[in-house]
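1. Next come a sequence and a model predicted from it.
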Amino acid sequence: MPRTTAAARCLLAALLGAGVAVALPAAAAQAAPGFDVQITESPGRFVAGAGPSTVTAVASTDRGGGCQKVRWSLVLRVAGVALDQVRVDRIEEDGSFPLAVQSGGDTARLTDRALDPGELCRGSTVTARYQVSFDSAATDGEVTLQAEAYSRNARLLEQSAVTRDVVGEGDPSPSPEPEESGEPGDEPSDEPEEDAAAEPDPTASAPGGLAAVQTSNGSRSTNLLGVGLIVGAVLIFIGVGILMRMQLKRRRQPEAPWHPAL
């Protein structure tokens, strides 16, 4: 049974209420010649919980003979997504535009309850804008949006459709399993691995055939040798000084007169 809503912006599951729906053909008939409908704006995909995206349909004609009023109808089909997870709002310049909704299975038809405010003439167009969004609980799937323009007497003028993916929020990606440290089938070795940071062997030969000496011992030996050299130099200097003083003292003493032996 046809259903209607009291407001344009609504969750499709909540659109099932009593009312009067606009009578349109259940299946699209052959379009009238001389008219064209194009969906000129739509997102590349819909993301669940990301807010509304704009879908715009434009009707045009190359026929003369006066202008005519248009009634828009949007057919929405989902796959992998529930209808109650879709939200649609028909927008005009003065705000939301009332819609009549027919729903069944995975398909819903949203039809203007009043004729579009504009007029379709040669050289001028009539535009319908929809705000479409998906609940954050929606899973991956796809949606087909088919915009149909009808005349005042419910004759199909033309239609156009696009199909877009719906991307659900989904579960976070699982953490990758840790990689095995060894090749498959390798058995652990009983021999201890060589430690690259181990201290060098003091008995190992160094370049030139010299024995390798740890840095700490070398520093200590160097320090002791320096101290010994300094002490030795001081002692030699003192000894030389004493000898020089003794030599000078001896030179200053008068020599005793020499007498021949009797």
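-> It's in. Residues are numbered from 1 along each chain as shown.

2. Wait, residue 83 touches residue 106, no?
-> Yes: between residue 83 and residue 106 there is a contact under C-beta atoms under 8 Å: 6.6 Å. Where C-beta positions appear, they are placed from N, C-alpha and C, glycine not excepted.

3. Between the two, which is the more surrounded one?
-> For residue 83 and residue 106, the more surrounded residue by other C-beta atoms under 10 Å is residue 83, and the numbers stand at 19 against 16.

4. Got the domain ranges for this structure?
-> With domains defined by automatic domain parsing, the chain comprises 10-167, 213-252.

5. Could you tell me the least trusted of the ones you listed?
-> Least confidently modelled of these is domain 213-252, at a mean of 64 by mean pLDDT.

6. Do you know the pLDDT at residue 190?
-> Residue 190 is assigned 51 on the pLDDT scale.

7. And for the one 10 residues further on?
-> Predicted confidence (pLDDT) at residue 200: the value is 42.

8. where along the protein do the helices fall?
-> 215-252 (DSSP state H).

9. Now do the strands in it.
-> 10-11, 35-41, 45-47, 53-61, 71-79, 86-92, 95-96, 99-104, 107-112, 126-134, 141-150, 156-167 (DSSP state E).

10. Output those in CSV, with mean neighbour count and distance to residue 236 appended to each entry.
-> Listed next are the strands of the chain as CSV, based on neighbours: other C-beta atoms under 10 Å; distance: least, C-beta to C-beta, whole Å:
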stretch, mean neighbour count, distance to residue 236
strand 10-11, 16, 108
strand 35-41, 17, 104
strand 45-47, 18, 94
strand 53-61, 20, 100
strand 71-79, 20, 106
strand 86-92, 19, 105
strand 95-96, 12, 112
strand 99-104, 20, 116
strand 107-112, 21, 114
strand 126-134, 22, 100
strand 141-150, 22, 102
strand 156-167, 18, 94
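
11. Dump these to TSV, plus distance to residue 231.
-> Below are the strands of the chain laid out as TSV (distance: least, C-beta to C-beta, whole Å):
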stretch	distance to residue 231
strand 10-11	100
strand 35-41	98
strand 45-47	87
strand 53-61	93
strand 71-79	99
strand 86-92	98
strand 95-96	105
strand 99-104	109
strand 107-112	107
strand 126-134	93
strand 141-150	95
strand 156-167	87
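
12. got the contact list for residue 54?
-> 41-43, 129-132 (C-beta atoms under 8 Å, 6 or more residues apart in numbering).

13. Specify which member of the residues you listed is nearest to residue 139.
-> Using C-beta to C-beta, residue 132 comes nearest to residue 139 of the contacts of residue 54, at 16.7 Å.

14. ok, the closest one touching residue 86?
-> Yes: using C-beta under 8 Å, residue 132 is in contact with residue 86, at 7.1 Å.

15. Now for these two: what residues contact both?
-> Common neighbours of residue 132 and residue 86 are listed as residue 143 (criterion: C-beta under 8 Å, 6+ apart).
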